[in-house]
Every structure is written in C-alpha cells, then in structure tokens.
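Novice: let me see the structure of the following:
(one chain, ligands or ions: 1)
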Amino acid sequence: MQTAFICPICKAPLAREGKSLLCPMRHTFDIAKSGYVNLLLKKAGQHGDNDAMLAARQGFLNSGYYSHLANALKEALASLPLPASPAILDCGTGEGYYLEAARSALPDASPRLYGFDISKQALLFAAKRRLDASLFVASAYAVPIADGTVDAALLFFSPFCREELLRTLKAGGYLLMAVPAEEHLWELKQLIYDTPYRNALSPFDIEGFTLLSHRHVERVIDLASQEEIQLLFQMTPYYYKTSPRDKEKVRAADTLAVTAAFELLVYQKQS
Ligand SMILES: [Zn+2]
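Specialist: You can find the predicted model right below:
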C-alpha cells in the first residue's frame, strides 16, 4: 500500500507491507506495536520533551485549559476548502492534543492524519488517543514525507522549517500555526520573576506563504489548586530555567488566574 512517506535514506517512496514500511531498495522501517514508526536516522539520547514534562502537558491539556485554542483550530480547519480525504500533517505533534482536535474538526471527511515528533516518548502518548493517525519519529528539518502531498500542515508551538513546509505542502495547501501571544502566561511569570517580560512575537509574514487570517485567541484560566499550577508550570520552559528560590514562589500559590493567549495564523502556500 502506497503512503505519503519517503525513505529517509534514499528518498524513494515507502510502501506499507504488513507491519513495516519499505522502499524499493528494501530499506525497512518497522511499525512499533504501540503504533508509531521511527524514521529518524541518527540514534540519539533523550530527544525533545522528557517524560515528566509530557505527562504534565497531557494532564493539563486533557483538563481542557487550552480548549479555546483547540476550538479555534477546529473552526479554522473546518472553514478551509479541503478535499474529501485531506492529508493533514501535524508537525511536532507531541502527545497529539491538537491532532485530535483536527480529526474532530473534519467529521465528514476521511482525513489521512500524519503526526511527527522528535520524541518517541511523546508519540507513545499520542498513540493512546487512537486517532488512526500515522505517527512517526522525525525532525522538522528532514520530514520523510513526499513533495507536494500535504493539504494542511499544523504547527503548534513546534520548530519551524519553512523549506520543509513548502516542500511537503501541495500548491495552495494550508499552514495553520499557533504561537504564544505577548501576554501568554503573564500572571505565572509575575509570580516567578521580579521583572517579567512579555513574549516577543516574530513578524507574521513568511516568504512563500500568504497570510489568510490572524485570530487572537485568549482567555483567563482559573487554576484552583497547587497541583494544577504545577502541571502548567512543568509544561513551560520556565520550569527548567527557574532557580530553586523562584520555584518556591510557585509552590506557595494555591490558586492562580492566568492568561492563556495565542495567535492563530492561517497561511496558504503560494503557487
Ligand atoms: Zn530507501
């Protein structure tokens, strides 16, 4: 069975045979029992987010605190004129929260879902969502997907590689990107830092893409316990950059009303 995958070694198309993907040169990649395939060539140690960070993020996301962003993604995706069986590629899919949102946005379509992450551990979480998605270990800078096969790519807080997005998208294909807004997690930063800074936003223009829409998505979420505050804190990069003294300040808080604000950007690849 033909797939959109290409061989990471020789770039020829990968076909599925039983529990493996293989190319005409017989380079073979086995699909793990848990449901993902490792298409990353170089073996390395711990990649991407660690287990504790992943578990915290999944617990937090599954509590629905970022559901306003997931809903905005669903609305944006549902409004696009996608073909009947679109190929959706989630770049840096993590534990699959936004890929699941994308799936539910297209109830009448039969999307072909692809999600990759540099972290095998993240894909173990994603596989448990049972999305019937093709999950694979890969880098954003060498995506083992054939040229011009993707109808819509998702990039939610993940490494950005313009060349690979342009290569894998069809002409006229879409890129849906979410980035933290300037005031995202402001109250948490106020709690930690003596002099907090707002997030810096990069310019929205991307060469080779037309910006179709830009939506600011924001709400204040109420964290009602120290446990919930810790889940949020541990899924942020601040957790790993904060001194023990400043971590104590977070540990002392019982409740926190915190702004969860994002920019959702929809682009179309120029032909
Ligand atoms: Zn090959």
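Novice: tell me the contacts of the residue in the stretch 101-250 of the chain positioned nearest to the ion?
Specialist: The ion sits closest to Pro144 of the stretch 101-250 of the chain, with a gap of 10.1 Å, by C-beta to the ion. Where C-beta positions appear, they are placed from N, C-alpha and C, glycine not excepted. Counting by C-beta atoms under 8 Å, 6 or more residues apart in numbering, Pro144 touches 5-8, 14, 39, 136, 138.
Novice: most neighbours, which of those residues?
Specialist: Within these, most neighbours by other C-beta atoms under 10 Å means Leu14, with 27 neighbours.
Novice: what lines up beside whatever helix or strand that one lives in in the sheet?
Specialist: Leu14 belongs to strand 13-17 when assigned by DSSP states H and E. Paired with strand 13-17 in the same sheet, following DSSP bridges, are strand 2-6 (antiparallel), strand 20-22 (antiparallel).
Novice: the ion contacts on the stretch 1-150 of the chain?
Specialist: 7, 9-10, 23, 25, 27 (C-beta under 5 Å from the ion).
Novice: from those, which would you call buried?
Specialist: Buried by 16 or more other C-beta atoms under 10 Å: 7, 23, out of those.
Novice: inside helices: which ones of the residues of the stretch 1-150 of the chain next to the ion?
Specialist: If you go by DSSP state H, these have nothing in helices.
Novice: take the residues of the stretch 1-150 of the chain next to the ion and lay them out in CSV including distance to Ala70 and pLDDT.
Specialist: Formatted as CSV, these follow (distance: C-beta to C-beta, whole Å; pLDDT from 0 to 100):
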residue, distance to Ala70, pLDDT
Cys7, 34, 97
Ile9, 36, 96
Cys10, 38, 97
Cys23, 36, 97
Met25, 40, 97
His27, 37, 97
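Novice: can you show me the CA trace of whichever strand or helix holds Gly59 as PDB?
Specialist: For Gly59, the element it lies in under DSSP H and E is helix 51-62. Output in PDB follows, covering the C-alpha atoms of helix 51-62 (Å, rounded to 0.1, in the frame of the first residue of the first chain):
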ATOM      1  CA  ASP A  51       8.500  12.100  30.300                       C
ATOM      2  CA  ALA A  52       7.600  14.300  33.300                       C
ATOM      3  CA  MET A  53       7.100  17.300  31.000                       C
ATOM      4  CA  LEU A  54       5.000  15.200  28.600                       C
ATOM      5  CA  ALA A  55       2.800  13.800  31.400                       C
ATOM      6  CA  ALA A  56       2.300  17.200  32.900                       C
ATOM      7  CA  ARG A  57       1.300  18.600  29.500                       C
ATOM      8  CA  GLN A  58      -1.100  15.800  28.700                       C
ATOM      9  CA  GLY A  59      -2.700  16.100  32.100                       C
ATOM     10  CA  PHE A  60      -3.100  19.900  31.700                       C
ATOM     11  CA  LEU A  61      -4.300  19.800  28.100                       C
ATOM     12  CA  ASN A  62      -6.800  17.000  28.800                       C
END
